[in-house]
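In: the sequence and its predicted three-dimensional model are supplied below.
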Amino acid sequence: MPGRDHKNSLTFDVDACSYTSVGRSSITSTPVSLASVERTWNFRINYPPEERGRRKPATIGTVIVLLFLVVMITVAVIVATGKGGDRGKQVPAEAGKRQCPCSQGCSLSYVENIPDDVAFPQNSSQLRETYDSWLEVLRSARRTVDIVSSSWGLLAGSDTVQNDTGISQGHQLLQELISAGTTRNIRIRILYDVRAASTPELRALEARGAAMVREVTPDSLLRKQSRVHGNLIVVDDRTFYLGSTAFSWRSLSQGKNFGVVVSNCTCLARDAAQLFSNLWELAASGMHAPSSSFNPARPIHLCLNHQHNVTASVTVSPSVLDQGGNSSTLGAVLNVINDAREYLDISVRDYLPSSRAGDLSYWPVLHEALSRATLSRAIQVRLLVSTRKNTPPAMFGYLRALSNLDGVGVGHIQVRLFNMTGYAGKTPRGSNNSRYVYSEDSIFIGTSDWTKDDFEDNLSFGLLLNQTASGFHGNAKDDNIHLQLKAVFERDWNSDNAYQL
């Protein structure tokens, strides 16, 4: 009744859960029928034994308190259920914002170096210069630096024109390596192609105790004609570079080179570090296969550049280094081609369904994969191939065969040549060394030309990226690795250096 205290025990059911509240009310207000409250809110009120059989009115204040308790308890149940459901479980890769095994700072950036006399429109895509990125990567080292380079030549000879920008860059890189290995006590290991011969800077690094140096020989790769055809830098098992630029002042300034830097990405960099360790072991022991094969169990899920649902894997060739079969460079390229649904954009230096030397027999793997994509799967293919002074002559016949398929089936294929030879009369030795392919869902950055010997004989590396849901889409252009790569391809494809076959 109004103005009178009531002491009752109240119980009610919410989502099949029973809750009890014992309280005291001394609020004076207008009486409300508890029968109507029971009907409306599914409350059941238990009275003390002496008061059973007679209903007592309750105040509005009592009802408000009850409703407040219902809301708060329901919210608590929902929150607890949500947390409990995820506890101890890893969010699936398909979830929009999944927990990543890698650092949230894991990032990827494309880098390139372009000769001074090769010009693109000012509003075209411009990437960070490889040299600047290398300096940053080397200076960030705290423990280790591991390097594989297809050639060495940071110091120019006395007969070289000294105003080339690559000469000063090569000298600075050498000083950075010496400083890291001596002053900062960084462990530096370098692998180089025995056919390239030891250079003065490698001998200087060894003599000063700045680096350990080993040769990669053809015998260690089971191929008499094997060469190192890739460049890899791994720092602290955390950051790595992979691309076509070598530790040579000419490579830095006279070739058009392309690569990728993956930073603060321990789980992926560890695979690159394992690959280097296997090569280091091969170079030391003369074994024909590493004691522990490079065999990542599965692609790694990354939160990359704020893009979720991206998987990544480091690849290698020749196959002797991929005994598990999970990280084949050729397999990665075929993965992109065969899984494409709409289009393929490809940039390579050499395209040849054969070897450039030795066994010249027909090697149909990639040629037939592109043909099937064009003829039967309605894929739009654009193939940009470099030409230079020593381009294999047989390449043009195969390119014409592909070009003749345009419009024959349900898809289309266009072939263009990128020529730097004689551009501005200064770069007869230069070439476009970009090596990548992408579709709407996948990206592959590699160091292999699309030739039989590069995939089956030569040492080369690659990085395969796949989206599993919306990994390449819905992000700002500055962070979107797919849009960035597409902009680079469009720039080269539409440049004055590119022309129809």
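Out: Yes, it's here.
In: what ranges of the stretch 101-250 of the chain fall below the confidence cut-off?
Out: Within the stretch 101-250 of the chain, the segments meeting pLDDT under 70 span 101-104, 158-163, 197-198, 219-225.
In: hey, where'd the strands end up in it?
Out: According to DSSP state E, counting those that start in this stretch, the stretch 101-250 of the chain carries its strands in the segments 107-113, 128-129, 144-149, 152-153, 187-193, 212-216, 231-235, 239-243, 247-248.
In: show me the contact partners of the last one.
Out: Just to be clear, that refers to strand 247-248. For strand 247-248, the surrounding residues in contact (Cβ atoms under 8 Å, 6 or more residues apart in numbering) are 147, 149, 151-154, 166, 170, 173, 231. (Each C-beta comes from the backbone N, C-alpha and C, glycine too.)
In: let's see that with 10 Å instead.
Out: The contact list for strand 247-248 (Cβ atoms under 10 Å, 6 or more residues apart in numbering) reads 134, 147-156, 166, 170, 173-174, 177, 190, 192, 196, 199, 201-202, 231, 233, 254-255.
In: now the single longest strand found in the chain - C-alpha only, CSV.
Out: Identified as the longest strand of the chain according to DSSP state E is strand 307-317. What follows is strand 307-317, C-alpha atoms only, in CSV (Å, rounded to 0.1, in the frame of the first residue of the first chain):
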residue,chain,number,x,y,z
GLN,A,307,43.8,-5.7,-45.1
HIS,A,308,42.4,-8.8,-43.4
ASN,A,309,41.9,-12.3,-44.9
VAL,A,310,45.1,-12.3,-46.9
THR,A,311,47.2,-15.4,-47.0
ALA,A,312,50.9,-15.4,-48.0
SER,A,313,53.7,-17.9,-48.7
VAL,A,314,57.4,-17.6,-49.7
THR,A,315,58.3,-19.8,-52.7
VAL,A,316,61.5,-21.1,-54.1
SER,A,317,62.9,-22.9,-57.1
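In: can you give me the helices in this protein?
Out: 34-41, 60-86, 130-139, 165-182, 200-207, 249-253, 266-285, 329-339, 365-376, 394-403, 452-456, 481-493 (DSSP state H).
In: show me what residue 351 is bridged to.
Out: Applying DSSP bridges to residue 351 gives these bridge partners: residue 450.
In: ok, now which ones touch it?
Out: 366-367, 370, 383-386, 392, 395-396, 398-399, 402, 415, 449-451.
In: and it, what pLDDT?
Out: pLDDT, residue 351: 96.
In: I'd like the distance between it and residue 359.
Out: 17 Å (Cβ to Cβ, to the nearest Å).
In: ditto for residue 182
Out: 46 Å.
In: so who does residue 497 touch?
Out: 118-120, 256, 386-387, 416-421, 423, 432.
In: check residue 235 too.
Out: 137-147, 180, 186, 241, 263, 269, 272-273.
In: these, buried ones only, as a ChimeraX selection?
Out: Selecting only the buried entries of those in ChimeraX, with 16 or more other Cβ atoms under 10 Å as the criterion:
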select :137,138,141,144,145,146,147,180,186,241,263,269,272,273
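In: neighbours around residue 210, how many?
Out: Neighbourhood size, residue 210 [other Cβ atoms under 10 Å]: 20.
In: also the one 5 residues further on?
Out: Using other Cβ under 10 Å, residue 215 has 16 neighbouring residues.
In: that one and residue 341, how far apart?
Out: 44 Å.
In: go on, residue 333?
Out: Distance, residue 333 to residue 341, using Cβ to Cβ: 17 Å.
In: have a look at those two and say which one is more surrounded.
Out: residue 333 (27 against 10).
In: these two touch, right, that one and residue 460?
Out: No. Under the criterion of Cβ atoms under 10 Å, residue 333 makes no contact with residue 460, lying 11.1 Å away.
In: overlap in contacts, the two.
Out: By Cβ under 10 Å, 6+ apart, the residues touching both residue 333 and residue 460 are 315, 435, 446, 448.
In: which ones are touching the spatially closest residue to residue 235 that is not a sequence neighbour?
Out: Closest residue in space to residue 235, ignoring its immediate chain neighbours: residue 141 at 4.8 Å, by Cβ to Cβ, 6 or more residues apart in numbering. Going by Cβ under 10 Å, 6+ apart, residue 141 touches 176, 180-181, 184, 186-188, 233-236, 238-239.
In: and residue 141, how far from residue 185?
Out: Using Cβ to Cβ, we find residue 141 at a distance of 10 Å from residue 185.
In: repeat for residue 262
Out: 25 Å.
In: of those two, which one has the most company?
Out: Shown here are residue 262 and residue 185; by other Cβ under 10 Å, residue 262 has more neighbours (23 against 9).
In: separation between the residue nearest to that one when sequence neighbours are not counted and residue 300?
Out: Distance criterion Cβ to Cβ, 6+ apart; nearest residue to residue 262, sequence neighbours excluded, is residue 108 at 5.2 Å. According to Cβ to Cβ, residue 108 and residue 300 sit 13 Å apart.
In: which of the two has more neighbours?
Out: When residue 108 and residue 300 are compared for neighbours, residue 108 comes out ahead with 23 against 20, by other Cβ under 10 Å.
In: which residues touch that one?
Out: When contacts are taken as Cβ under 10 Å, 6+ apart, residue 108 is in contact with 260-263, 265, 268, 302, 304-305, 307, 310, 312, 443, 445, 463, 465, 479, 481, 484.
In: need the buried ones from those residues selected in ChimeraX.
Out: A single ChimeraX command selects the buried members of these (16+ other Cβ under 10 Å):
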select :260,261,262,263,265,268,302,304,305,307,310,312,443,445,463,465,481,484
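In: save the contacts of residue 141 as TSV, and put in distance to residue 493 too.
Out: Shown next, in TSV, are the contacts of residue 141 (distance: Cβ to Cβ, whole Å):
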residue	distance to residue 493
176	35
180	39
181	42
184	43
186	41
187	43
188	39
233	29
234	32
235	33
236	37
238	35
239	31
